[in-house]
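K.L.:
Let me see the structure of the following:
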Amino acid sequence: MKNKILELLKTKPHTFKELLNNLNSSMRPRKLDNLLQELRREAKLYYKKGDETYNIKDQVEYIGVFKDTRHDYAFVETETESHFIPGKFVLNAFNNDTVKFILVPSYNDRPPIARIVRVAQRNGSNIVGRIIEVEGVKTFSPDISIDKYKYTLIELDQLKVGQVVVTKFKDYYNKEVTLSLREIIADEANASIDFKVVAAKYNLELEFPQDVIDEAKSLSTNYENRKSLEDRLIVTIDGASSRDLDDAIDIRTLDNGNWILGVHIADVSHYVKPHSKLDDEALKRGVSTYLLNDVIPMLPQILSNDLCSLNPNTRKVTLTADIEIDKAGKIINTELYESVIISKHRLTYDEVDTLLDAKVKSLGHTDLDEMLLSGFELSKVLRAKKFNEGFIDFDLSEVKVDVDETGEPLNIYLKSQTTSEALIEDLMVVANEAVATAFASRDLPSVFRVHDKPKDDSLATLVSVAKTMGYFVKDSIDKIDASTFNHIVEDISGSPFEQILKKLLIQTMSKAEYATQSRGHYALGIQNYLHFTSPIRRYPDLAVHRLVKNFIIDQTTTRATVEAMIPELTSISKISSEAEKNSMGAERKLVDIKKSRFLSKLVGETFEGTISSLTRFGIFVNLPHYTQGLILLDSLTDDEYKFNEVSHIIQGQKNQKQFKMGQKIMVKLVNIDSVKGQVDLELQ
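P.N.:
The predicted structure is shown next:
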């Protein structure tokens, strides 16, 4: 009879009465109700309150990463979404396990919830923590500690209180996690450990395998069959401490007033061949990760700092894009070819800024001055065109941390983009656009950089939260576009809520990712875009270089070959997107750790802070020195406080006291965890 019910529901949803009429005439209502309840418990159907119908449950299985919380619920994250999981549906999943799940419809038109159906792969990543003493008993405290679990470290007796260690997952049963020791880092009071702690947390390999190093040492350069550009005034412009110089430029003006922008990128693909040991390692790493003064490179230093670095007065193999751009900033033509260059000057941003900001009249070379000033004019034209076509300028300053030789933070400050940095960004963006257009115009796949329009629910949250802060978004959700975002940025400039609302605007955006087909880049306002300009530090750029040679320069690749490459390009896009996300997480985490160390001497002090974000579990508060802390909702004992996802307000159930973004509150700094990079606050 259950199968009969399911067969009926496959045709269309049925009400209880319709099911009763279509089944055996002798079926009693109570018997049918019991059968329906059993099918619901078996997750084979669900009841939709809105139209009072029974429906077949979607049994499509999805894969994601399980993210636990200290509460009786969890989340599962896919590449694009996060789904809520009630405690009764978590099965036996443990934090960071790869799981398979189904989506179960929720009530009251809320988003569907997830139900774990099996653990596909146990968490094999590092678990970092420290040895502490609780009531005279030595124990291991992991940085991902969730109260409902008990953690047992096999080698605990061998360790000392205060040591920071790296462990690996061993077993999980009945809420008890068993771990084994992988590495002892050092004492938590030692700020020099922060780099290694973050590398371990994010599974970043500090050393290259010996066979990869050996392969790098065996490489040689062949300059044949390349166009020589050694007579052109080509320069690099980078930070003073940069060692991996992968892009160089030159700019010429034609008689008709158009510019010829030459963008010359280190030809990493000349050395790193597909599926070689170097290539496999580079794809696994995906990107270079920059951790304050240190870098975990994608390629061994013999490549990143020597063979492929466009150091001055040295012959280098490059991939060149000569781009003709008219006086309105439109790309007229793009020529792509393999080249040999000699960089004539190794310029720094600070040095070029002195010329472009008119602090000096010359850098000592008339032809160099003229080229840089011509490039400055081109940059302004390109930027004006970007704004006209939908570029969103968040104008965000970057938080920087200065540390001493021991890793102790000395200063935290905001750094804005300089004139020369903006110039290089504009020139690299137009180069990326030109190469992407070369692929799209030929209907060729590549590893495109895509950025989709924000989802309606994210825009609804933006409108709601902005309203609670006294800012009203004039456009309806279906009419919000890039101009809306730029108007908001302009209107809030200089207001007390500027940084909070800008952060919210960014959070509203979809996440940029890599894909084999061009879908446009919403934030840049560009139809076709990819990453071409940094193959030393990003694998997608290296892949694009190979595709440029195969599809555009050589033009020997057949359509069948192109189609056959799509699965590999899809895999590269997915792996690279994940690697980028992981790297960015590591970079942010190290900054958070340094911020927490900077505040450690202020424990016990009281501050006025500004609420910057609200979640189900707590209130994030902006503090002095561009730092942030957290008030856990559990610590608010005067009432039961709940987070309203629609209005984005936390409110007491009895006293109706509210907390909303942008609100000023007094807080006390009560605890610092420098391993987690966590700052705990109490409401005053």
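
K.L.:
just for the stretch 1-150 of the chain, where's the confidence low?
P.N.:
24-25, 50, 57-59, 107-109, 145-147 (pLDDT under 70).

K.L.:
Strands along that one, start to end?
P.N.:
With strands called from DSSP state E, counting those that start in this stretch, the stretch 1-150 of the chain shows them at 45-48, 53-56, 62-68, 73-77, 82-86, 98-104, 113-121, 126-134, 137-142, 150-153.

K.L.:
Export those as CSV, with columns for mean neighbour count and distance to residue 506.
P.N.:
Just so you know, the C-beta spots here come from the backbone N, C-alpha and C atoms, and that holds for glycine as well. What follows is these, written out as CSV (neighbours: other Cβ atoms under 10 Å; distance: least, Cβ to Cβ, whole Å):
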stretch, mean neighbour count, distance to residue 506
strand 45-48, 16, 36
strand 53-56, 18, 38
strand 62-68, 18, 21
strand 73-77, 19, 19
strand 82-86, 17, 17
strand 98-104, 20, 28
strand 113-121, 17, 26
strand 126-134, 18, 28
strand 137-142, 16, 30
strand 150-153, 17, 35
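
K.L.:
For residue 303, which of these is the nearest?
P.N.:
With Cβ to Cβ as the criterion, residue 303 lies closest to strand 126-134 of the strands of the stretch 1-150 of the chain, at 26.7 Å.

K.L.:
strand partners of that closest one, parallel vs antiparallel please.
P.N.:
Based on DSSP bridges, the strands next to strand 126-134 in the sheet, each with its direction, are strand 137-142 (antiparallel), strand 163-173 (antiparallel).

K.L.:
can you list these in JSON lines and add distance to residue 523?
P.N.:
Listed next are the strands paired with strand 126-134 as JSON lines, based on distance: least, Cβ to Cβ, whole Å:
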{"stretch": "strand 137-142", "distance to residue 523": "36"}
{"stretch": "strand 163-173", "distance to residue 523": "37"}
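
K.L.:
ok, residues contacting the helix or strand bottoming out on mean pLDDT in the chain?
P.N.:
Across the helices and strands of the chain, mean confidence by mean pLDDT, DSSP states H and E is lowest for strand 45-48: a mean of 78. Outside strand 45-48, the residues within contact range by Cβ atoms under 8 Å, 6 or more residues apart in numbering are 5-6, 9, 13, 36, 39-40, 53-57, 104-105.

K.L.:
If we use 10 Å, what do you get?
P.N.:
Counting contacts by Cβ atoms under 10 Å, 6 or more residues apart in numbering, the residues outside strand 45-48 that touch it are 2, 5-6, 9, 13-14, 16, 36-40, 53-58, 104-107, 112.

K.L.:
So which of these are in helices?
P.N.:
2, 5, 6, 9, 16, 36, 37, 38, 39, 40 (DSSP state H).

K.L.:
how many neighbours does the third one have?
P.N.:
Same thing as residue 6. In terms of burial, residue 6 registers 15 neighbours under the definition other Cβ atoms under 10 Å.

K.L.:
which residues sit in contact with it?
P.N.:
Contacts of residue 6 were listed using Cβ under 10 Å, 6+ apart, and they are 39, 44, 45, 54, 56, 57.

K.L.:
quick one: it from residue 117, how far?
P.N.:
18 Å (Cβ to Cβ, to the nearest Å).

K.L.:
Please apply the same query to the first one.
P.N.:
Separation of residue 2 from residue 117 (Cβ to Cβ): 19 Å.

K.L.:
From what I see, residue 190 and residue 675 are in contact.
P.N.:
No. If you go by Cβ atoms under 10 Å, residue 190 and residue 675 don't touch, sitting 11.3 Å apart.

K.L.:
Pull up the overlap in contacts between these two.
P.N.:
With contacts defined as Cβ under 10 Å, 6+ apart, the residues adjacent to both residue 190 and residue 675 are residue 164.

K.L.:
With neighbour numbers in mind, choose between these two.
P.N.:
When residue 190 and residue 675 are compared on other Cβ under 10 Å, the one with more neighbours turns out to be residue 675, at 20 against 15.

K.L.:
Wait, the more buried one touches residue 194, no?
P.N.:
Yes. Between residue 675 and residue 194 a contact is recorded at 8.8 Å, counting by Cβ under 10 Å.

K.L.:
Show me the common contact partners of those two, please.
P.N.:
Both residue 675 and residue 194 are contacted by 164, 185, 188, 593, 596, under the criterion Cβ under 10 Å, 6+ apart.

K.L.:
which ones among the residues you listed are found in strands?
P.N.:
The members of the shared contacts of residue 675 and residue 194 that map onto strands under DSSP state E are 164, 185.

K.L.:
Looking at the shared contacts of residue 675 and residue 194, which one is closest to residue 629?
P.N.:
Nearest to residue 629 among the shared contacts of residue 675 and residue 194: residue 596, at 9.0 Å, using Cβ to Cβ.

K.L.:
what's the neighbour count on the closest residue to residue 579 other than its chain neighbours?
P.N.:
With Cβ to Cβ, 6 or more residues apart in numbering as the measure, residue 286 is the residue that lies nearest to residue 579, at 2.3 Å, once sequence neighbours are left out. The local packing count at residue 286 equals 23, with neighbours defined by other Cβ under 10 Å.

K.L.:
Past the longest helix along the chain, which element shows up next along the chain?
P.N.:
Among the elements of type helix in the chain, defined by DSSP H, the one spanning the most residues is helix 559-599. Taking DSSP states H and E as the definition, the helix or strand that follows helix 559-599 towards the C-terminus is strand 606-614.

K.L.:
Wait, residue 8 touches residue 32, no?
P.N.:
No. Contact between residue 8 and residue 32 fails when scored by Cβ under 10 Å: they sit 11.4 Å apart.

K.L.:
Name the residues contacting each of these two.
P.N.:
19, 23.

K.L.:
picking that back up, tell me the one among the contacts of residue 6 nearest to residue 273.
P.N.:
Taking Cβ to Cβ as the measure, residue 273 lies nearest residue 57 of these, at 49.0 Å.

K.L.:
Let me know how buried the nearest residue to residue 660 once chain neighbours are set aside is, in neighbour terms.
P.N.:
In space, residue 660 comes closest to residue 468 once its chain neighbours are excluded; the distance is 4.5 Å by Cβ to Cβ, 6+ apart. In terms of burial, residue 468 registers 16 neighbours under the definition other Cβ under 10 Å.

K.L.:
on that earlier part again, mind checking how far the residue nearest to residue 579 is from residue 181?
P.N.:
In this structure, residue 286 and residue 181 are separated by 28 Å, where distance is defined by Cβ to Cβ.

K.L.:
One more: residue 135?
P.N.:
Using Cβ to Cβ, we find residue 135 at a distance of 23 Å from residue 181.

K.L.:
Do you know the pLDDT at the residue nearest the centre of the chain?
P.N.:
By Cα atoms, centre = their mean, the mean C-alpha position of the chain lies nearest to residue 581, the distance being 3.7 Å. At residue 581, the pLDDT value in this model is 92.

K.L.:
got any ranges where the chain has weak pLDDT?
P.N.:
24-25, 50, 57-59, 107-109, 145-147.

K.L.:
per-domain residue ranges of it.
P.N.:
The record's domain split for the chain, according to automatic domain parsing, is 2-56, 62-121, 126-189, 211-452+511-591, 456-508, 603-683.

K.L.:
Show me the one of those domains that comes nearest residue 200.
P.N.:
Counting by Cβ to Cβ, residue 200 lies closest to domain 126-189 out of the domains of the chain; the figure is 4.5 Å.

K.L.:
Residue 194 against residue 586, yeah?
P.N.:
No. Under the criterion of Cβ under 10 Å, residue 194 is not in contact with residue 586, lying 11.2 Å apart.

K.L.:
quick one, which of the two is more surrounded?
P.N.:
Neighbours were tallied for residue 194 and for residue 586 using other Cβ under 10 Å; the higher tally belongs to residue 194 (27 against 21).

K.L.:
What ranges does the stretch 301-450 of the chain have for its helices?
P.N.:
All helices of the stretch 301-450 of the chain, identified by DSSP state H, counting those that start in this stretch, fall at 301, 349-356, 366-388, 419-440.

K.L.:
Can you say which of those is packed in most?
P.N.:
Mean neighbour counts were taken over those using mean count of other Cβ atoms under 10 Å, and the top value, a mean of 21, falls to helix 419-440.

K.L.:
Having no further points to raise, I will conclude here.
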